[in-house]
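S.K.: what follows is a protein structure lacking sequence information:
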């Protein structure tokens, strides 16, 4: 067989090292096989043993191409004598598993040139040669015994184009693997930030800083100042900041703009936490024993006497104001808890101003939700304590 030499030379051009299957990137297999071939009745050939050799190049974990040579000495079915069958073909293979798996099932398709010897068709003239182009489809599996040896079995159907014939072949063989691992050069990363230069949108970032997928330094609070230069991390979204990442305080009263309810206060004036002149001090906190229906802010009339305690105190001390503070436990969505506690605080405030006659400019309602617990939310008793409404009596000094 002259085909053996070029196939062997092709295989030996691959690296002779055989690393573990998981490390393979390209593999050449030598695939000697034996088989049994069932010929179409038109060929006047009996079923016969077939021998062959394939050289397969697996260039991708799932894809390979294979050059195959096979031959057989087939007896005539209807007349005396035999015929020397030879075929050369090229197949494409798709593997359903990677080369690191023990079982590698596959499907295949290809085409080739077959020579059936002298007068293998009953309709042909004695002494003539018959050659034919055949296409094929097949399926099989490769079982990896070791890194370099595997067992291969397949079933293949052939269709002769010239004479519209159908032949079937089943084969079993050993495969010998010659593998190589391709190592690609490491991409350049001039600033050593872990992002290669070809997609680094922010070259020359400082050493050691944390960067995003584009190679740009992170800005976790989104204020436009990179983390390494941000002296005030976690500024509120949308707040105006200086070049140090700290929120602006335009009137220099010590209260940043986003929390300053009285911008433009006089320089040097004493202000409270809201940035307003004068300091508000809570002088009395009255816990109101007001119960609400589930997911409701409706107050029953039976709680008027509880709320009247606050009104009486404020009438006695007309210089005071009150913050009605609504609280919840931690069950449920935090934003919904804040919203519900705000509605409940507003309901108590409305009862103070409407039914009990306290001036609306002395009453404020704030829903704190689950932000200010007074007990553990891990127990039913603790959660009950946290579901409360407080009247915080305040005076401005």
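M.R.: Yep, it's here. Everything numeric in this text was worked out from a predicted model, so none of it was measured.

S.K.: going by C-alpha atoms from here, please, whenever you check contacts or count neighbours.
M.R.: Fine.

S.K.: do a quick rundown of the strands in the chain.
M.R.: Under the criterion DSSP state E, strands of the chain are mapped to 26-38, 48-58, 63-75, 82-95, 103-118, 129-144, 149-160, 165-180, 280-288, 320-327, 363-369, 389-396.

S.K.: the inter-axis angle of the second one versus strand 82-95?
M.R.: Here strand 48-58 runs at 30 degrees with respect to strand 82-95, directions being taken by axes from the mean of the first three to the mean of the last three Cα atoms, to 10 degrees.

S.K.: residues touching strand 48-58, excluding its own?
M.R.: Applying Cα atoms under 8 Å, 6 or more residues apart in numbering, the contact partners of strand 48-58 are 4, 7, 10-11, 26-38, 64-75.

S.K.: cutoff 6 Å now
M.R.: Here strand 48-58 makes contact (Cα atoms under 6 Å, 6 or more residues apart in numbering) with 7, 26-37, 64-72, 74.

S.K.: picking that back up, confidence-wise, which of the strands of the chain is weakest overall?
M.R.: Among the strands of the chain, strand 280-288 carries the lowest mean pLDDT, a mean of 76.

S.K.: pLDDT score assigned to the closest residue to residue 356 other than its chain neighbours?
M.R.: Nearest residue to residue 356, sequence neighbours excluded (Cα to Cα, 6 or more residues apart in numbering): residue 311, at 6.6 Å. Residue 311 carries a pLDDT value of 90.

S.K.: picking that back up, dump the strands of the chain into CSV; add mean neighbour count and distance to residue 211 as well.
M.R.: Below are the strands of the chain laid out as CSV (neighbours: other Cα atoms under 10 Å; distance: least, Cα to Cα, whole Å):
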stretch, mean neighbour count, distance to residue 211
strand 26-38, 20, 35
strand 48-58, 22, 39
strand 63-75, 20, 37
strand 82-95, 19, 39
strand 103-118, 18, 41
strand 129-144, 19, 44
strand 149-160, 19, 46
strand 165-180, 20, 35
strand 280-288, 15, 45
strand 320-327, 24, 40
strand 363-369, 21, 36
strand 389-396, 20, 46
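
S.K.: wait, which of those is closest to residue 338?
M.R.: strand 363-369 (3.7 Å; Cα to Cα).

S.K.: contacting residues around that closest one?
M.R.: 322-328, 337-338, 341-342, 345-346.

S.K.: ok, now how distant is residue 354 from residue 311?
M.R.: 11 Å (Cα to Cα, to the nearest Å).

S.K.: nope, residue 138 is what I was after
M.R.: Separation of residue 138 from residue 311 (Cα to Cα): 92 Å.

S.K.: repeat that for residue 65.
M.R.: 91 Å.

S.K.: pull the longest helix from this structure.
M.R.: Looking across the chain with DSSP state H, the single longest helix is helix 334-354.

S.K.: helices and strands around that one, which ones?
M.R.: Contacts defined by 3 or more Cα pairs under 6 Å, 6 or more residues apart in numbering; DSSP states H and E place helix 334-354 against strand 320-327, strand 363-369.

S.K.: dump those strands to TSV, plus distance to residue 246.
M.R.: Formatted as TSV, those follow (distance: least, Cα to Cα, whole Å):
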stretch	distance to residue 246
strand 320-327	30
strand 363-369	26
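
S.K.: residue 268: which of the ones you listed is closest?
M.R.: strand 320-327 (25.1 Å).

S.K.: can you check what angle separates the closest one from strand 389-396?
M.R.: Going by the same axes, to 10 degrees, strand 320-327 makes 150 degrees with strand 389-396.

S.K.: now strand 320-327 against strand 363-369, angle please.
M.R.: Angle, strand 320-327 to strand 363-369, by the same axes, to 10 degrees: 20 degrees.

S.K.: counting contacts, what elements does strand 320-327 pack onto?
M.R.: helix 334-354, strand 363-369, strand 389-396.

S.K.: for the first one, buried residues please.
M.R.: By neighbour count, with 16 or more other Cα atoms under 10 Å as the criterion, the buried positions of helix 334-354 are 334, 337-353.

S.K.: now do the domain split for this structure, please.
M.R.: Per automatic domain parsing, the domain ranges recorded for the chain read 4-180, 280-396.

S.K.: got those domains as TSV, with distance to residue 233 columns?
M.R.: Below are those laid out as TSV (distance: least, Cα to Cα, whole Å):
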stretch	distance to residue 233
domain 4-180	45
domain 280-396	21
